[in-house]
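Trainee: Just need the structure, nothing else, for what follows:
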Amino acid sequence: MSELRASQGRVSSLLSWAVILLASLILMWGAEQQQAETAADQTGSSQSWTFLEIEAKFVLAQEAMVPGTGAQALETLERAGLTDPQRVLRLSTLAAVVVNTEAARDMLRMTNVFPVENTELEVLREDLDRLYAGDASQAMRSRIEEQMGWFGKLAVAGMKDPPERAEALSPFIKPAILLATTMMAVVGGIGLFGLAGLVGLVVLLVAAIKGSLTNHLKALQNESVYAETFAIWLIGFQVLMLLAALLGTSLSASWSMLPSLAAFLASLGVLLWPLMRGRSWHAVRTEIGWTCGNGVIRECLCGVAGYAMAIPIAAIGLLLTVFLIFVASSGDDGGSSVAHPIVGELADGGITLRIQILVLAVIIAPLVEETLFRGLLYRHLRSVTGRWALAWSVVLSSLVSGLIFAMIHPQGILAIPALTSLAIAFALAREWRGSLIAPMVMHGLSNGLIMTLLLVMVS
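Mentor: All right, here's what the predicted structure looks like:
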């Protein structure tokens, strides 16, 4: 009987993993298609100009703080995409300020190679050329400001006569410097926090080599049940999110994220499956890490420490992603994006929508994703490889679960190294603490920091 159950468990695991891998590949392909479609749809959209404005502010700040370096920074923006005439026109306004008017007019001439059938765009190009030549009427200046927003106002301010130019540009340069210095301070703080985390990581690694860390994740009986549960969740979650998207379209823009919040939480209903397969709730709760560990406060503090230790690991993945973006951007297709679709809603949404996004990113997503990925999937993998040497079991389990985690996220293929490295750090925290509280705190801190930085940049 035991051999029959073992055989059934192996078949169940294989079928579950076939579903997991197939679904993950389909979701990864879909995410890549969505990234391409989003990039095309956002050409000329307010969202695309919002992010270009942020990049332009950094160029302004760099030129103001280190005169003469703005032109080089502008070249980086140029290489990221010169196939859109509207983008080129906006970059020309930046060139007029940080380089000179001749450089700006050269950029305008580049748009002559584009097949433009937009009369309004042609008029705008002519207006800008006249502005840079010092021959624009007040009507032209007003039209530039109205059509180009921040970039138009920058262009008009930059063409003021020298006595007035510095004062006219001050409302642009001062906020840009504040944004740049704030970001540098944040990055520096994260770097120092990460250095402390690196020390902690080395200490834990030494302790693990000496065998002084407790092994919280021993092999389970019938571990296939958690592979089944994850496979069911992977399919069910997509169905729930599709329903949430449909329901969201019937709500006002301010409340459109509520169905997604409900869908995330409802997906935890998949935990009924292990109960239906004969597991007791106490066993399930203990095995997936829904425990208080050594106390909620202590586990939360370990989560903060774990986040510091995650920074060096995440930095490796981030560097790989940046390299892949650079390689992709150097091709004929221009720039590539790894932005989460929710970023656009965060940039364009009001305070009500932004609060919903923050709740989803900082509280609900960490609760659900850590339960499923580190609670179920990682736990299953650790049990399956439990007969291996501990180090190999941890490495393989964290890498595989991390790859699945990255593949199903909507940022696309280029973001996989960055997301996988974060997921590996969360898995190591699960291994270290046993409880899911620490990885949940780490996940929440990571998402919260990213969301906060985005809010600062778009505000």
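Trainee: how many other residues sit next to V296?
Mentor: For V296, the neighbour count with other Cβ atoms under 10 Å is 11. Just so you know, the C-beta spots here come from the backbone N, C-alpha and C atoms, and that holds for glycine as well.
Trainee: where's it relative to P341, distance?
Mentor: 33 Å (Cβ to Cβ, to the nearest Å).
Trainee: Work out the gap between stretch 353-368 and the centre of the chain.
Mentor: 14 Å (Cα atoms, centre = their mean, to the nearest Å).
Trainee: actually stretch 232-249, not the one I typed
Mentor: 20 Å.
Trainee: cool, and stretch 209-218?
Mentor: Per Cα atoms, centre = their mean, the displacement of stretch 209-218 from the mean C-alpha position of its chain is 33 Å.
Trainee: Buried ones in it, by neighbour count?
Mentor: Within stretch 209-218, the residues scored as buried using 16 or more other Cβ atoms under 10 Å are H216, L217.
Trainee: Then stretch 126-142?
Mentor: Buried, per 16+ other Cβ under 10 Å, within stretch 126-142: D127, L128, D129, L131, Y132, A136, M140, R141.
Trainee: which among those gets closest to I316?
Mentor: Among the buried residues of stretch 126-142, L128 lies closest to I316 (Cβ to Cβ), at 43.6 Å.
Trainee: which residues does the closest one contact?
Mentor: Counting by Cβ atoms under 8 Å, 6 or more residues apart in numbering, L128 touches L89, S92, T93, A104, L108, I144, A155.
Trainee: And for the third one, nearest residue in space, chain neighbours not counted?
Mentor: By the measure of Cβ to Cβ, 6 or more residues apart in numbering, the closest residue to T93 outside its immediate chain neighbours is A155, 3.8 Å from it.
Trainee: How about W233?
Mentor: V270 (4.2 Å).
Trainee: any idea how far Y226 is from the one you found?
Mentor: From V270 to Y226 the distance is 11 Å (Cβ to Cβ).
Trainee: if we can go back for a sec, among the contacts of L128, which has the minimum pLDDT value?
Mentor: Among the contacts of L128, L108 carries the weakest pLDDT, at 85.
Trainee: what's the burial count for that one?
Mentor: Using other Cβ under 10 Å, L108 is surrounded by 20 other residues.
Trainee: surely T214 meets G434?
Mentor: Yes - under the criterion of Cβ atoms under 8 Å, T214 makes contact with G434 at 7.4 Å.
Trainee: Who are the contact partners of A262?
Mentor: By Cβ under 8 Å, 6+ apart, the residues touching A262 are A244.
Trainee: Which of the helices or strands spans it?
Mentor: helix 258-266 (DSSP states H and E).
Trainee: What of H340?
Mentor: Residue-wise, H340 maps onto no helix or strand under DSSP H and E.
Trainee: Enumerate every residue touching it.
Mentor: Contact analysis of H340 by Cβ under 8 Å, 6+ apart lists H409, P410, Q411.
Trainee: If we only consider the residues you listed, which is nearest to W17?
Mentor: For those, the nearest to W17 is H409 (19.4 Å; Cβ to Cβ).
Trainee: hang on, the earlier thing: confidence-wise, which of the buried residues of stretch 126-142 comes last?
Mentor: Minimum confidence in the buried residues of stretch 126-142 sits at A136, scoring 88.
Trainee: three-state assignment of that residue?
Mentor: coil (DSSP: H, G, I helix; E, B strand; the rest coil).
Trainee: can I assume it is in contact with D127?
Mentor: Yes - A136 is within contact range of D127, at 6.4 Å (criterion: Cβ under 8 Å).
Trainee: Which residues are in contact with each of the two?
Mentor: Both A136 and D127 are in contact with I144, where contact means Cβ under 8 Å, 6+ apart.
Trainee: Many thanks, I have nothing further to ask.
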